[in-house]
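**Student:** Fold the following.
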Amino acid sequence: GYCFRVRAGNTYNGGSYTPWTPAIAVTTPDPPPPPAPYSCVATTYAWVDGLGGGSTKRSLGDDASVNVSIGFPFTWYGTSYSTVNVGSNGVLSFGDPVTTYANTALPTLAAPNNIAAVLWDDLNPAAGGQIVTKTTGTSPNRQFIAMWSAVPHFTAGGAATFEVVLDENSQAITFQYQDVVFGSATYDRGASATVGTENQTGEYGTQVSYNTASVSDLSALRCTTQAAPPPTVTTTSVPPGTVGQSYSALLSASGGAAPLNWSIVSGSLPAGVTLAPNGTLSGTPTAAATAPFTVR
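**Tutor:** Numbering: from 1, shown residues only. You can find the predicted model right below:
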């Protein structure tokens, strides 16, 4: 917090200054909190077959991507999405299509961002296997499945089968690995792949592994957000104002996730002063008064 006052002057040929304005109080707000991070932990392997009725085979070549409907709203790093891009290289993207085979560590500001790296590696469905998507179940318990079935590695050949499952009810995302052995220790079990999540800007993410053989056949990872703590108002009083002079003060809180919306739940402000939804008290008091009030 700080305060300032200003005046105007013309010093030419003995000119003078205007009186100082009343002091203006200003508080710079804290930056918005980071998005709730994803926690990716081992879970029970429960393969969901993406083949059969209701499934759609996606004709993807090498280094390609296709945009498909999820079938229900899915929240990813605080934003709801109805479609997703399924990439041939084992990446699910909630933003721009991801076609690059060159995996990176997470997070990184460099594109691509806004991704779920299920097994981001140099895969080549043009050489074999198939990629299918499917939405199953009924609201509010639907699931979206994207499955890479027997897809070879561009260099090693072989074939890997794995999937990602988006869950409507819990809004969790699950990576499942049925077979992640290509036949070369250089590429097997994610040794040349990235596994993890990254937010829309690339500032935040959860890296499970990068170029490390960390995933196994018949295994699964369940990724869920860790909710931010509830907001707590930290302002207990505000500076006094002066009748007839401009007034401004900013209320503060800890916890929660931006944006916070402020309101008065009891009492009232002095005449001439209002509370904006962003927590700013402002205006020009018109009458002397003591004004207790409660905000949330």
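
**Student:** now for the lowest-mean-pLDDT helix or strand in the chain, which elements pack on it?
**Tutor:** Every helix and strand of the chain was ranked by mean pLDDT, DSSP states H and E. The lowest is strand 253-254, at a mean of 85. Judged by 3 or more CB pairs under 8 Å, 6 or more residues apart in numbering; DSSP states H and E, strand 253-254 is in contact with strand 232-233. C-betas here are computed from N, CA, C, even on glycine.

**Student:** centre of the chain versus the strand it packs on, how much separation?
**Tutor:** 23 Å (CA atoms, centre = their mean, to the nearest Å).

**Student:** helix or strand right after that strand?
**Tutor:** strand 247-250 (DSSP states H and E).

**Student:** ok, residues contacting that following strand?
**Tutor:** With contact meaning CB atoms under 8 Å, 6 or more residues apart in numbering, strand 247-250 is reached by 24-27, 29, 238-239, 241, 273, 279-285.

**Student:** tell me the average confidence for that strand?
**Tutor:** What strand 247-250 shows for mean pLDDT is 94.

**Student:** cool, and stretch 268-275?
**Tutor:** Rounded mean pLDDT across stretch 268-275 is 94.

**Student:** Can you list the low-confidence ranges for the stretch 151-296 of the chain?
**Tutor:** Within the stretch 151-296 of the chain, the ranges that satisfy pLDDT under 70 run 226-229, 256-258.

**Student:** residues in contact with the least confident helix or strand of the chain?
**Tutor:** For strand 253-254, the external contacting residues (CB under 8 Å, 6+ apart) are Pro231, Thr232, Val233, Thr234, Thr235, Leu260, Gly279.

**Student:** run the last query once more with 6 Å
**Tutor:** Pro231, Thr232, Val233, Thr234, Leu260 (CB atoms under 6 Å, 6 or more residues apart in numbering).

**Student:** Now list the buried members of the contacts of strand 247-250.
**Tutor:** Ala25, Thr27, Val238, Gly241, Val273, Gly279, Leu281, Gly283, Pro285 (16 or more other CB atoms under 10 Å).

**Student:** Sort out which one of the residues you listed lies nearest Ala220 for me.
**Tutor:** Gly279 (42.8 Å; CB to CB).

**Student:** how much space is there between the closest one and Pro32?
**Tutor:** From Gly279 over to Pro32 the distance is 13 Å, taken as CB to CB, to the nearest Å.

**Student:** helix, strand or coil for Ala126?
**Tutor:** helix (DSSP: H, G, I helix; E, B strand; the rest coil).

**Student:** how close does it get to Gln178?
**Tutor:** 21 Å.

**Student:** what's the answer for Leu269, then?
**Tutor:** Distance from Leu269 to Gln178, by CB to CB: 62 Å.

**Student:** Identify each buried residue in stretch 132-151, please.
**Tutor:** Neighbour-count burial for stretch 132-151 [16+ other CB under 10 Å]: 132-136, 142-149, 151.

**Student:** for stretch 95-115, that is, sorry about that
**Tutor:** For stretch 95-115, burial by neighbour count (16+ other CB under 10 Å) applies to 95, 98-101, 103-104, 106-107, 112-115.

**Student:** so of those, which ones are in strands?
**Tutor:** Among the buried residues of stretch 95-115, the ones falling in strands (DSSP state E) are Ile115.

**Student:** Between the buried residues of stretch 95-115, which sits nearest Thr186?
**Tutor:** Distances from Thr186 to the buried residues of stretch 95-115, taken by CB to CB, are shortest for Asn103, at 13.7 Å.

**Student:** wait, doesn't the closest one sit right on Val195?
**Tutor:** No - using CB atoms under 6 Å as the test, Asn103 is too far from Val195 to be in contact (9.4 Å).

**Student:** burial count for Thr248?
**Tutor:** Actually, residue 248 is Ser rather than Thr. 17 (other CB atoms under 10 Å).
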